[in-house]
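Undergrad: got a predicted structure plus its sequence, pasted below:
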Amino acid sequence: NREFKIQLRTRLKYISYFSNLLIKVRGSFMKKYVSSIVVRKGFVTLLLMFIYVLGSRLTLPFVDMNNREFLGGTAAYLAFSTAMTGGNLRSLSLFSVGLSPWMSSMILWQMLSFSKKLNLTSGAIEIQNRRQMYLTLFIALIQALAISLNLPIQSNVPKMLVIVLNTCLLIAGAFFLVWLSDINATVGIGGSMIILLIGMVLNIPQDLIETFRTVPIPLFVLIGWIIMGIVFTYSVALLYRARYRIAVHKIGLHNRFKRYSYFEIMLNPAGGMPFMYVMTFLSLPTYILLLLQTIFPENLLFTEISSQYTMGKPLWIYMYMIILFIFSIAFAFVNMSGEQISDRMKKSGEYIYGVYPGEEMSRFINRLVLRFSLIGAVFNVVMAGGPMLFVLVDEKLLRVAMIPGLFMMFGGMIFTVRDEVKALRLNETYKPLI
């Protein structure tokens, strides 16, 4: 009995030790991972991604899905360009329009804001946001109506009723995606870029696979493209991570911390934003021409303009390269505004040696941003616009020629999400004093 008690006591001691160890491990795991803000935001983003994928599978009512004539002609390239903005014209779903109306309204709003006569930026932020959403509604109406009028509708239902119903559903789907993006930006990770990423991952590989099936490509050419793709990906990563640092002096800062006080400007300040918005901006006239063609079928002028402006035509390619260059400069100043940075530095007591705070500081920063934006614009046009010239020889290479632009867009999104996660984890690296 005595030996049995000793053995029992020893076993209970081991059980108590391992149970306490398990509780400590569980507590540290819960504290490190489950309570982490990155994990919580990540789970919210996964939930919103599931909602987006589910909504993209909800097809529009009374549409003949066996009829694929809708994707022929002008709408064929819209299926490819819409996939870059979170839409899906292949399945004709609730989210077929995507975020394209919202992105187009942002571009137009930025352009209209420069006009002093319109005085759009004078009111409160709520009023400005409401006006921008009205513009989004107007663009969504154009795009949804252009799609609904060309849908292959079933023959046993009233056509006008189906057109009105699907137009309303497409507009509602576009605004639901805008709301979903706002929710993700508030309590998730990545904002609207997650919607764009999922749309690209779900739809664009299918288009590329179909292109490789229809266009015979020799094996040595394919191997050369893979090697060039690796080099291109490495160069894009270097470009996005390259920074130009400017020493910033701050009142009351100790000398030994001066090397940590600096201001960074990216070598390509616009990042991957020009590629996202250039496709949105170029697709808007196509929707308008498609709508005018349907409303006025006897007018051959709209048909002729639409045929010349189709994706892959010389006019479209040259417009793509020109607008890509302009957007690479414009979005550099959207990401890094000299006025805002100068005002922030002035309020926090920071300054650059040899530059007076205020307007001179603003002009100094804007000059630097302009120089680097020109470098980024030339790089974007050469790397993403250069391959588009091969499309002038064979239009079947269009989707293949878009791969460099897609890589740059995808890389910009990935790096932006990575920087956001890194910033969220920064607060968790600090330990409590007590």
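TA: Thanks, I have the structure now.
Undergrad: which residue is nearest the centroid of the chain?
TA: residue 193 (3.8 Å; Cα atoms, centre = their mean).
Undergrad: so residue 156, which of the three states?
TA: coil (DSSP: H, G, I helix; E, B strand; the rest coil).
Undergrad: look up how far residue 165 lies from it.
TA: For residue 156, the distance to residue 165 equals 15 Å [Cβ to Cβ, to the nearest Å]. Yep, even glycine has a C-beta here, placed from its N, CA and C like the rest.
Undergrad: more crowded one of those two?
TA: Neighbour totals were compared for residue 156 and residue 165, and residue 165 leads with 16 against 6 (other Cβ atoms under 10 Å).
Undergrad: and that one, helix, strand or coil?
TA: helix.
Undergrad: then residue 263?
TA: Residue 263 - assigned by three-state DSSP - is strand.
Undergrad: strands along the stretch 151-300 of the chain, start to end?
TA: 243-247, 249-250, 262-266 (DSSP state E, counting those that start in this stretch).
Undergrad: and those, which is most packed in?
TA: strand 262-266 (a mean of 16; mean count of other Cβ atoms under 10 Å).
Undergrad: and that one, what does it pack onto?
TA: Contacts defined by 3 or more Cβ pairs under 8 Å, 6 or more residues apart in numbering; DSSP states H and E place strand 262-266 against strand 243-247, helix 359-380.
Undergrad: what sits against residue 105?
TA: 132-133, 135-136, 139 (Cβ atoms under 8 Å, 6 or more residues apart in numbering).
Undergrad: and residue 362, by the same measure?
TA: Counting by Cβ under 8 Å, 6+ apart, residue 362 makes contact with 338-339, 341-342.
Undergrad: now do residue 184
TA: Residue 184 neighbours (Cβ under 8 Å, 6+ apart): 44-45, 48, 190-192, 194-195.
Undergrad: got TSV for the residues you listed, with neighbour count, pLDDT and distance to residue 279 too?
TA: Shown next, in TSV, are those (neighbours: other Cβ atoms under 10 Å; pLDDT from 0 to 100; distance: Cβ to Cβ, whole Å):
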residue	neighbour count	pLDDT	distance to residue 279
44	16	86	28
45	19	88	24
48	21	88	23
190	24	82	19
191	18	82	18
192	21	81	15
194	23	83	18
195	24	83	15
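Undergrad: where in the stretch 201-350 of the chain is pLDDT low?
TA: 207-208, 211, 215, 217, 221, 252-260 (pLDDT under 70).
Undergrad: can we see that at 80?
TA: Where the stretch 201-350 of the chain drops to pLDDT under 80, the residues are 201-226, 228-241, 248-263, 271-273, 276, 299, 302-303, 306-312, 346-350.
Undergrad: excluding its backbone neighbours, what's nearest residue 424?
TA: Sequence neighbours aside, residue 38 is the residue nearest to residue 424 in space, at 5.1 Å (criterion: Cβ to Cβ, 6 or more residues apart in numbering).
Undergrad: just residue 187 next, same as before
TA: residue 44 (5.1 Å).
Undergrad: that neighbour: what's it in contact with?
TA: Applying Cβ under 8 Å, 6+ apart to residue 44 gives the contacts 184, 187-189.
Undergrad: run through the residues that contact residue 51.
TA: residue 180.
Undergrad: now the residue nearest to residue 187, what's its secondary structure?
TA: Put simply, residue 44 is helix when judged by three-state DSSP.
Undergrad: may I see the strands of the stretch 151-300 of the chain arranged in TSV, with distance to residue 176 as well?
TA: Converted to TSV, the strands of the stretch 151-300 of the chain look like this (distance: least, Cβ to Cβ, whole Å):
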stretch	distance to residue 176
strand 243-247	38
strand 249-250	45
strand 262-266	33
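Undergrad: looking at these, which is nearest to residue 406?
TA: Closest approach to residue 406 among these (Cβ to Cβ): strand 262-266, 20.2 Å.
Undergrad: starting at the chain centroid, how far to the closest one?
TA: Averaging C-alpha positions (Cα atoms, centre = their mean, to the nearest Å) puts strand 262-266 23 Å from its chain's average.
Undergrad: in its sheet, which strands sit next to it, and in what direction?
TA: Paired with strand 262-266 in the same sheet, following DSSP bridges, are strand 243-247 (antiparallel).
Undergrad: the partner strand to helix 359-380, inter-axis angle?
TA: 170 degrees (axes from the mean of the first three to the mean of the last three Cα atoms, to 10 degrees).
Undergrad: can you pull out the helices in the stretch 151-300 of the chain?
TA: 159-187, 192-214, 219-241, 273-295, 300-308 (DSSP state H, counting those that start in this stretch).
Undergrad: SS state for the nearest residue to residue 190 once chain neighbours are set aside?
TA: Distances taken as Cβ to Cβ, 6+ apart place residue 417 nearest to residue 190, at 4.7 Å, with adjacent residues excluded. What three-state DSSP gives for residue 417 is helix.
Undergrad: and residue 417, how many neighbours?
TA: 17.
Undergrad: just use 26 as the starting number from now, easier for me
TA: With the count now opening at 26, the last piece we talked about shows up as residue 442.
Undergrad: gap between it and residue 72?
TA: On the measure of Cβ to Cβ, residue 442 and residue 72 end up 17 Å apart.
Undergrad: and the helices in the stretch 326-459 of the chain?
TA: Using DSSP H, counting those that start in this stretch, helices in the stretch 326-459 of the chain cover 339-360, 363-372, 384-405, 423-426, 428-451.
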